[in-house]
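**Student:** Here is my input; please provide its structure:
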Amino acid sequence: MVRQLLWNEAMVKTQRVWLVALVSMVGCSRWAEPTPSPAPPTAANPMTVEPLVEAPLLSQLRTKVEAEPTIDLEAEAEAEAVEIEAQAPIGTVVLERYSTVRGEPRLGAPELGLLAAGARVEILGRVEAEGCARPWLAIAPRGFVCARNKPTTKPATGMLPIVPAGARVPGVYGSVAKEALVYASLDEAALGLNGRSPGRSLTVRSQRLASRQGRSFWKTRHGWFAAQDVRRFRGSSFHGELLGEGLVQPMVWTLPAPKLHTVSVRQAPEADATVVAQLGPRKARVVLEQRDGFVRVDEGWILRSRVRMAEATEAPDGIESGERWIDIDLQEQVLVAYEGDTPIYATMISSGRGSHRTPTGVYRISRKVAERTMNSMADSSTSYSVDKVPWTAYFATGYALHAAFWHNGFGRRRSHGCVNLAPHDARALYQWMTPAAAPGWAEVYGNAGQPGAVVRLRSKRDPNPAWKGYAKDLRDAVGEPVQVASATAGVAPGRGASSVSRG
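**Tutor:** All right, here's what the predicted structure looks like:
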């Protein structure tokens, strides 16, 4: 029964289109449940930013996720059937505030996700039911909301976060210098009056760029900073590879030794063989042969230690034909996305380093968040805050896959425990993996009604990890759907835009 609740054929097809389209474009943090913070920009009034990076292929993305309307009411066996008069959209409304999407038109029904304040959504119908002072809205592609709304003639909000044309990330980000001062207003910043130390390491997202007296300044949620005190991040251009023929032969990426910029390619699999070429970092190649501690690619032989390798592997027990899942090899620092037994996408990652090890296990995605500000834990050795980390997908308490726009060290351990992805990869995988996000959704939750994609994290020490978390609960359930509590139990999801993390 749980398997039958995986996405219908229309949703699967449209998600696959997203993955292909997005890939064609081309300090991790551990955190617990969110704590309140100032509300983020709304979907109705997103921050306008300049294009950040030249990315010509980005303009090729024209596909919008338009899944068939599906209203999954698994609990209908115990509740009245809900009649929706229209299965095609009957209009578009704008929501006045954050709104929880539920599986049924009643309070207490399973939470599917969260719509952003100001989101414009297509509605399939209206349902009069208890628990809402106004009719419940049946929204596309699925679910019900009880929310104040107004009709609009504008098109529905797109997928969040909104990324400017030509950009890799959804905003202007930068790292604040240690000696920088923050000011309450632009006037004070220009005059250098009443500045104060932020008291922690900050990675900020600009809300506004302004000039005064010949100097430039960044307005952030913390206050105003002189632009000269902010080192801008544009996001890595690295991205993974679509696997047209799977992984019949292994794939590798070059990884130069520290402080070097290239990898030597030799004529033979010998350390003193003639160097016939040099390859730059993170160059993808198909492995033709392996011998004596070397791998052979088109150009010649490369030391095995100077590459990261992705190889086909067997699925965990219980994965069904065509089911989407992710395999992460922590030893190799590579990720492979599968549909059933077929590998379709491969890339490099950065997992936890030192004492911040990324946990092994077989999990399911429990919650996806379009953007999440991350703050250090109270007992962390360092205090920091990273604004608006995009494309975040939790797989265990305090651990997630997410974009890392602040470094380009993929293929090496760099994070505080999470799985860092290059922006292109994070965006593509966020759209591809279940639970499926929908246009205008700030968050989406994995549970028995809409299970998240399986994520297996394995290492040399733990090559066959155990099932854990609600993934284990679902797997252990025999013929009975398991009601999984919302990942946001006890909190107002999305109404605060930050969370805490161990540094």
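**Student:** okay, stretch 319-339 in CSV with CA atoms only?
**Tutor:** Extracted C-alpha coordinates of stretch 319-339, given in CSV (Å, rounded to 0.1, in the frame of the first residue of the first chain):
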residue,chain,number,x,y,z
ILE,A,319,13.3,-0.7,-3.6
GLU,A,320,10.6,-1.3,-6.3
SER,A,321,11.0,-1.2,-10.0
GLY,A,322,11.3,2.4,-11.2
GLU,A,323,11.3,3.8,-7.7
ARG,A,324,13.5,6.9,-7.3
TRP,A,325,16.3,6.7,-4.8
ILE,A,326,19.8,8.2,-4.1
ASP,A,327,23.0,6.4,-3.3
ILE,A,328,25.8,8.4,-1.6
ASP,A,329,29.3,6.8,-1.3
LEU,A,330,30.9,8.8,1.5
GLN,A,331,34.3,7.2,0.8
GLU,A,332,34.3,8.4,-2.8
GLN,A,333,32.3,11.6,-2.1
VAL,A,334,29.9,10.8,-5.0
LEU,A,335,26.2,10.7,-5.4
VAL,A,336,24.2,8.6,-7.9
ALA,A,337,20.5,9.1,-8.5
TYR,A,338,18.6,5.9,-9.6
GLU,A,339,15.2,5.0,-11.0
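**Student:** Kindly provide the whole-number mean pLDDT of that stretch.
**Tutor:** If you average the pLDDT over stretch 319-339, you get 97.
**Student:** Stretch 235-252 now?
**Tutor:** In this model, stretch 235-252 has a mean pLDDT of 94.
**Student:** quick one: buried residues of that stretch?
**Tutor:** 235-236, 238-240, 243, 247, 250-252 (16 or more other Cβ atoms under 10 Å). Where C-beta positions appear, they are placed from N, C-alpha and C, glycine not excepted.
**Student:** how long is that stretch end to end?
**Tutor:** 22 Å (Cα to Cα, to the nearest Å).
**Student:** picking up where we left off before, is it possible to export the buried residues of stretch 235-252 to CSV including secondary structure?
**Tutor:** Formatted as CSV, the buried residues of stretch 235-252 follow (DSSP: H, G, I helix; E, B strand; the rest coil):
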residue, secondary structure
G235, coil
S236, coil
F238, coil
H239, coil
G240, coil
L243, coil
L247, coil
P250, coil
M251, strand
V252, strand
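**Student:** Need the max-distance pair from those residues.
**Tutor:** G235 and P250 (27.8 Å; Cβ to Cβ).
**Student:** What residues does the residue most central in space within the chain make contact with?
**Tutor:** Centrality entry for the chain: nearest residue to the mean C-alpha point is W391, 2.5 Å, by Cα atoms, centre = their mean. By Cβ atoms under 8 Å, 6 or more residues apart in numbering, the contact set of W391 is 161, 370, 402-403, 421, 423, 426-427, 429-430.
**Student:** Show the residue spans covered by the helices in the protein.
**Tutor:** For the chain, helices defined by DSSP state H occupy the ranges 9-24, 186-191, 423-432, 469-476.
**Student:** what is the mean pLDDT for the last one?
**Tutor:** By that I understand helix 469-476. In this model, helix 469-476 has a mean pLDDT of 91.
**Student:** Which one of the contacts of W391 is nearest to R134?
**Tutor:** Distances from R134 to the contacts of W391, taken by Cβ to Cβ, are shortest for A370, at 26.2 Å.
**Student:** distance of the closest one from A226?
**Tutor:** Distance, A370 to A226, by Cβ to Cβ, to the nearest Å: 30 Å.
**Student:** And these two? Which one has more around it.
**Tutor:** A370 (25 against 20; other Cβ atoms under 10 Å).
**Student:** is it true that that one touches A437?
**Tutor:** Yes: judged on Cβ atoms under 8 Å, A370 makes contact with A437 at a distance of 7.3 Å.
**Student:** Report the set of residues contacting both of these two.
**Tutor:** By Cβ under 8 Å, 6+ apart, the residues touching both A370 and A437 are L160.
**Student:** Quick one: residues contacting the residue lying closest to R461 once chain neighbours are set aside.
**Tutor:** Of all residues beyond its chain neighbours, the one nearest R461 is T360 (7.8 Å), with distances taken as Cβ to Cβ, 6 or more residues apart in numbering. If you count contacts by Cβ under 8 Å, 6+ apart, T360 has them with 330, 457-459, 461-462, 465.
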